[in-house]
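The following comprises the amino acid sequence and a computationally predicted model.
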Amino acid sequence: MKFSILKKDIKSAARAGKIETDHGSIETPIFMPVGTAGTVKAVHIHELDSVIGAQIILGNTYHLYLRPGTDILKQAGGLHKFNNWKRPILTDSGGYQVYSLSHRRKITEEGATFQSHIDGSRHLFTPENVMDIQRAIGGDFIMAFDECTPYPCEYRYAKKSMELTHRWLARCCKHFDNTEGLYGYEQTLIPIVQGSTYDDLRKESAETIASFDRPANAIGGLSVGEPAEEMYRITDMVCQILPFEKPRYLMGVGTPANILECIALGIDMFDCVLPTRNARHGLLYTAEGVLNMRNARWKDDFEAIDEQSNSLTSRVHTRAYLHHLLRCGEILGAQIASLHNLSFFLWLVGEARKHILAGDFLDWKNEMVPKLEMRL
């Protein structure tokens, strides 16, 4: 993996860059659609490429490990061949899913024991076998195994959890460095900064993660319920510690406004289920604000869903039609809404990049954020 910074914004920490991988290049800042079980929900693979313009997608280690399982993925030749996605893939470590299964898991020094949400069977994730699982899935970027703490989190627990994450990282790195990829291309291991919302813990974690000198770094444990101002404060502090010359990935963030604010703080990579999850509930994001397409006000609105959208479906279908589909529970409604939201998120980071290169990013960001947060 190679990362180059093409331009840094003068008035903020935003930067426009390029990541090169064996499956192609990625222009940053970038938003990565989440493909939990080998697919981005309600979206065809060819639409991700030709309609949405996605440059990289995510795969979920926890879900892919349970179904279809690593044996099937190995037989297929990895996730790229299994789902026919030819561009880069990032796989998470399963740490967040284990966190979300708090009633079904037990964390020890060895790893995390958890019960499958599918059949109740018991499984153990360790730093070592999570590296093996991600090797088998075949992501270009694979995440270190960590513990994501909840919010709010008591200081003593946050510190203990952070220290465990650091010990697990050392084991991840050792095992990763002593193994080879299975499919003939390079994989990059990314460590994760933790420490809840405590400044001293975040500082210690960022310094520790940076000391491992991996090609990219991530910030985890945010967007778990804390106020946006806390997220921005922690992100700003951590970005000032993590190496300038390496990509920074803020995990699980977030709304369009969150993304622009965090680009201004120096983040290069984002992912979130928000655009597709909210699409299935009728929430659409636009450059002028958020539309709830299930509201009765749209039932006789025969204007295009969004004339400015990069998605053709949003320009040719009406708001009344999408309102009807969503109210009837038609699958096409979720498809149109998901295509719209993902196209918008990719358009947004693309516009941010253009304004960074043009030198007027901060002014544009400050103009955009209030509009993005409006409910129409």
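That came through, no problem. Keep in mind that this is a model prediction, so the values were computed, not measured.

In contact with the residue most central in space within the chain, which residues?
Taking CA atoms, centre = their mean, the centroid of the chain lies closest to residue 271, which sits 1.8 Å from it. Contacts of residue 271 were listed using CB atoms under 8 Å, 6 or more residues apart in numbering, and they are 31, 32, 33, 34, 58, 90, 249, 251, 252, 253. All C-beta atoms are positioned from the backbone trio N, CA, C, and that covers glycine.

and if we set it to 7 Å?
32, 34, 58, 251, 252 (CB atoms under 7 Å, 6 or more residues apart in numbering).

How about the third one: what's its closest non-neighbour residue?
Yep, that's residue 58 we're talking about. residue 34 (4.7 Å; CB to CB, 6 or more residues apart in numbering).

gap between that neighbour and residue 92?
Residue 34 sits 9 Å away from residue 92, going by CB to CB, to the nearest Å.

more neighbours, the two?
residue 92 (30 against 22; other CB atoms under 10 Å).

Count the residues that sit near the nearest residue to the more buried one once chain neighbours are set aside.
Nearest-residue entry for residue 92: residue 143, 5.1 Å, with adjacent residues in sequence omitted and distances by CB to CB, 6+ apart. For residue 143, the count of nearby residues is 27 (other CB under 10 Å).

give the contact list for residue 143.
With contact set as CB under 7 Å, 6+ apart, residue 143 has these partners: 91, 92, 93, 190, 192, 218.

In the sheet, which residues pair with the residue lying closest to the last one once chain neighbours are set aside? Tell me.
When you say that, I think you mean residue 218. Spatial nearest neighbour of residue 218, excluding adjacent residues (CB to CB, 6+ apart): residue 249 at 4.2 Å. Note on residue 249: beta-bridge partners residue 218, residue 269, judged by DSSP bridges.

how close does residue 249 get to residue 109?
The value you get for residue 249 to residue 109, if CB to CB is used, is 26 Å.

Who has more neighbours out of those two?
Counting neighbours by other CB under 10 Å for residue 249 and for residue 109 shows that residue 249 has the greater number, 24 against 8.

in the longest helix along the chain, what counts as buried?
Looking across the chain with DSSP state H, the single longest helix is helix 331-358. By 16 or more other CB atoms under 10 Å, the buried positions in helix 331-358 come out as 333-353, 355-356.

How about the contacts made by the residue nearest to residue 58?
Taking CB under 7 Å, 6+ apart as the contact definition, residue 34 lies against 40, 58, 271, 272, 273.

Let me know the helix or strand that the residue nearest to residue 95 when sequence neighbours are not counted is in.
Leaving out its chain neighbours, the residue that sits closest to residue 95 by CB to CB, 6+ apart is residue 146, at 4.6 Å. Using DSSP states H and E, residue 146 maps to neither a helix nor a strand.

surely residue 146 meets residue 165?
Yes. Here residue 146 reaches residue 165: they are 4.3 Å apart, a contact under CB atoms under 7 Å.

between the two, which one's more packed in?
residue 146 (32 against 28).

Quick check, pLDDT for the more buried one.
On pLDDT, residue 146 comes in at 95.

wait, what's in contact with it?
So, once contact is read as CB under 7 Å, 6+ apart, residue 146 ends up touching 93, 95, 165, 168, 192, 194, 220.

in the sheet, who's paired with the fifth one?
In this case it means residue 192. residue 218.

How many neighbouring residues does it have?
27.

Contacts only, for it.
Taking CB under 7 Å, 6+ apart, one finds 143, 144, 146, 165, 218, 220 in contact with residue 192.

Run through who's touching stretch 302-311.
51, 286-287, 314-315, 317-320, 322, 339-340, 343-344, 347.

change it to 6 Å
286, 314, 315, 317, 318, 319, 320, 322, 339, 340, 343, 347 (CB atoms under 6 Å, 6 or more residues apart in numbering).

What is the nearest of these to residue 70?
Closest approach to residue 70 among these (CB to CB): residue 339, at 30.8 Å.

Look up the closest residue to residue 110, ignoring the ones flanking it.
Residue 110 sits nearest to residue 126 (CB to CB, 6+ apart), 5.9 Å away.

I should have written residue 61 there, sorry.
Residue 61 sits nearest to residue 94 (CB to CB, 6+ apart), 4.1 Å away.

Pretty sure the one you found sits against residue 59.
No. In this structure, residue 94 is not within contact of residue 59 by CB atoms under 6 Å, at 10.9 Å.

tell me the pLDDT at the nearest residue to residue 337 once chain neighbours are set aside?
Leaving aside its chain neighbours, residue 337 sits nearest to residue 279 (3.6 Å; criterion: CB to CB, 6+ apart). Note for residue 279: predicted pLDDT of 98.
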